[in-house]
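J.: Sequence plus the predicted model coming up.
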Amino acid sequence: MRKIILASNNQHKIKEFKEIFFDAEILSLNDIWYCDDIVEDGETFLENALIKCNAVREFLKEKWIEADVIADDSGLCVNALNWEPWVYSARYAWWHGNNADNRAKLLKKLEWKNDRSAYFVCCLVKMFPNWEYIYSEWKTYWTILKEEIWDKSFGYDCIFLSDDLHKSFWEASDEEKNKVSHRWRAIANLIEKMKTRE
C-alpha cells in the first residue's frame, strides 16, 4: 500500500483524507515523528503549501523514506476588506489559532460595510519523491453574518452563511458540507489531475 504523508496533525483533516484516499496509508506528522515548527511565511496559499511540502520532503529524504507528501493552505478572503485576512486567517488577531479574537476583529471591521460577501479558498499540493508536484486550488462562497451562531469552537464557520447551502456549516450535515467545502472541491480536482498525470 502506497504511503502519503499529510503535512498536518489536524485530526479532522486527517479523517477527511483517510476517507478519500482509502487505498493509501495516510500518515500525519506525528506518525513520522516530525516535530519541527514550519514557518509559513509565504505571500500566497500556494507558497505556504509548498513550504510545508518542501520541509516534510527534506525530512523524508534524510530518513530515506519514499512517500508522497500532501499539504494544504486555506484562508478566508473578504471582498469589502480587500481580501483580508487572506493567508493570515489563522492569525488575523495576531495570535495563531485564536478563533474568537479572529472573528471579533473581522466582525468589527465589517460593522459598517454593506458588502458582506466572502469566500474560503484551499490550495492543495501533492509533492512526489522526486520533488515534482501538482496542485489544486478551489473556493466556496459565503455571506458573513452579523453575529455568531451555533458552535463557536471552530474557525470562522459560525459567522458564515453558505451561498450554496443557504445555511451555515454548523447547521449542515457532513454530506452537505462535503459537497461544497473548499477543501473537498480542491481534493476532487487534485484527484482528477493525479489521474491525468498517471
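T.: Ah, there it is.
J.: host element of the residue lying farthest from the centre of the chain?
T.: For the chain, the largest distance from the centre (Cα atoms, centre = their mean) belongs to Trp112, which lies 28.8 Å off. Secondary structure from DSSP states H and E places Trp112 outside every helix and strand.
J.: likewise the one 10 residues further on?
T.: Assessed by DSSP H and E, Cys122 sits inside strand 117-127.
J.: Phe59 too?
T.: Taking DSSP H and E as the criterion, Phe59 maps to helix 45-62.
J.: how far out from the middle of the chain is stretch 144-152?
T.: Averaged C-alpha coordinates place stretch 144-152 at 20 Å from its chain's average position (Cα atoms, centre = their mean, to the nearest Å).
J.: from now on call the first residue 346
T.: Shifting the count to begin at 346 puts that one at stretch 489-497.
J.: Report the buried residues of it.
T.: By neighbour count on 16 or more other Cβ atoms under 10 Å, the buried set for stretch 489-497 is 489, 493. To be clear about C-beta, it is placed using only N, CA and C from the backbone, and glycine gets the same treatment.
J.: and Ser526, what does it touch?
T.: By Cβ atoms under 8 Å, 6 or more residues apart in numbering, Ser526 lies in contact with Thr485.
J.: any chance you could map the strands in this protein?
T.: 348-351, 370-372, 413-423, 429-431, 462-472, 478-489, 505-507 (DSSP state E).
J.: Deepest in the core, which of the ones you listed is it.
T.: strand 413-423 (a mean of 24; mean count of other Cβ atoms under 10 Å).
J.: Tell me the helices and strands packed up against that one.
T.: With contacts taken as 3 or more Cβ pairs under 8 Å, 6 or more residues apart in numbering; DSSP states H and E, strand 413-423 sits against strand 348-351, helix 390-407, strand 429-431, strand 462-472, helix 527-542.
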